[in-house]
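Colleague: compute the structure for the input listed below.
(2 chains)
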Amino acid sequence: QKEVEQNSGPLSVPEGAIASLNCTYSDRGSQSFFWYRQYSGKSPELIMSIYSNGDKEDGRFTAQLNKASQYVSLLIRDSQPSDSATYLCAVKDPRNQGGKLIFGQGTELSVKP
Amino acid sequence: DTGVSQDPRHKITKRGQNVTFRCDPISEHNRLYWYRQTLGQGPEFLTYFQNEAQLEKSRLLSDRFSAERPKGSFSTLEIQRTEQGDSAMYLCASSSDSFNEKLFFGSGTQLSVL
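Modeller: Residues are numbered from 1 along each chain as shown, chains lettered A, B, ... in the order given. So this is what the prediction gives:
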């Protein structure tokens, strides 16, 4: 079992729709969770962090965390073609004293005009 | 520009050659990380530094790989006797050891081994 799992996609949504990206993790001790966006050929860019159960909203993005189910999600409202990218779920390794992150394989999102 | 800086952006080398990459972290960040990413995969952790101390190395980091951060500022990643399987994007990230720290990535070095 991979430590952080995501559907690789591609996930295709029409412009203006809600895109829902999901992630599960295996270590119940994990406490910090992140979503990164990565455009083709570019490096990952941090877009959201979440540490407590529930929802956290930032503009068109909402991160959701359910530690009991070991599940993290990212919702993108009013999706735009510019949101087309790979979205990486990352979990801070609870066994590491530093900020080491464990990444999923990423979900490719395509927003069609 | 005060972000994480990596050099070079692209490197093409022949199998068996040695290559070295450099990373300059955000100036106030004392933690520095190296990751490797291949096409269609998420970044894989290689190693991390707290100031000049290398505190963790992944099993992915064979004895052909070595990383240094001599004065706790910039870092170098060297690959000796490169193999075609080393072809990947090498990403550097930095963070501060604060509560709820966040990692910020540089633009990466794309390595192609022919």
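
Colleague: what does chain B have sitting close to chain A?
Modeller: Residues of chain B that fall close to chain A, judged by C-beta under 8 Å from any C-beta of the partner chain: B:31, B:33, B:35, B:40-45, B:48, B:50, B:55-56, B:89, B:91, B:95, B:97, B:100-108. To be clear about C-beta, it is placed using only N, CA and C from the backbone, and glycine gets the same treatment.

Colleague: just the ones of these in helices?
Modeller: Within the residues of chain B next to chain A, no residue falls in helices by DSSP state H.

Colleague: distance of B:I79 relative to A:Q6?
Modeller: Noted for B:I79: a distance of 28 Å to A:Q6, by C-beta to C-beta, to the nearest Å.

Colleague: still on that earlier bit, just the buried ones out of the residues of chain B next to chain A, please.
Modeller: Listed as buried from the residues of chain B next to chain A are B:31, B:33, B:35, B:42-45, B:48, B:50, B:56, B:89, B:91, B:95, B:101, B:103-108; burial here means 16 or more other C-beta atoms under 10 Å in any protein chain shown.

Colleague: give the contact list for A:L101.
Modeller: A:F34, A:A90, A:V91, A:K92, A:D93, B:P43, B:F45, B:L103 (C-beta atoms under 8 Å, 6 or more residues apart in numbering or on different chains).

Colleague: next, format the residues you listed as a markdown table and append distance to B:C23.
Modeller: Listed next are the contacts of A:L101 as a markdown table, based on distance: C-beta to C-beta, whole Å:
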| residue | distance to B:C23 |
| --- | --- |
| A:F34 | 20 |
| A:A90 | 19 |
| A:V91 | 23 |
| A:K92 | 21 |
| A:D93 | 20 |
| B:P43 | 14 |
| B:F45 | 15 |
| B:L103 | 13 |
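
Colleague: closest to A:L74 among those?
Modeller: A:F34 (10.1 Å; C-beta to C-beta).

Colleague: what comes up buried for whichever strand or helix holds that closest one?
Modeller: Using DSSP states H and E, A:F34 maps to strand A:33-38. Judged by neighbour count using 16+ other C-beta under 10 Å, the buried positions of strand A:33-38 are A:F33, A:F34, A:W35, A:Y36, A:R37, A:Q38.
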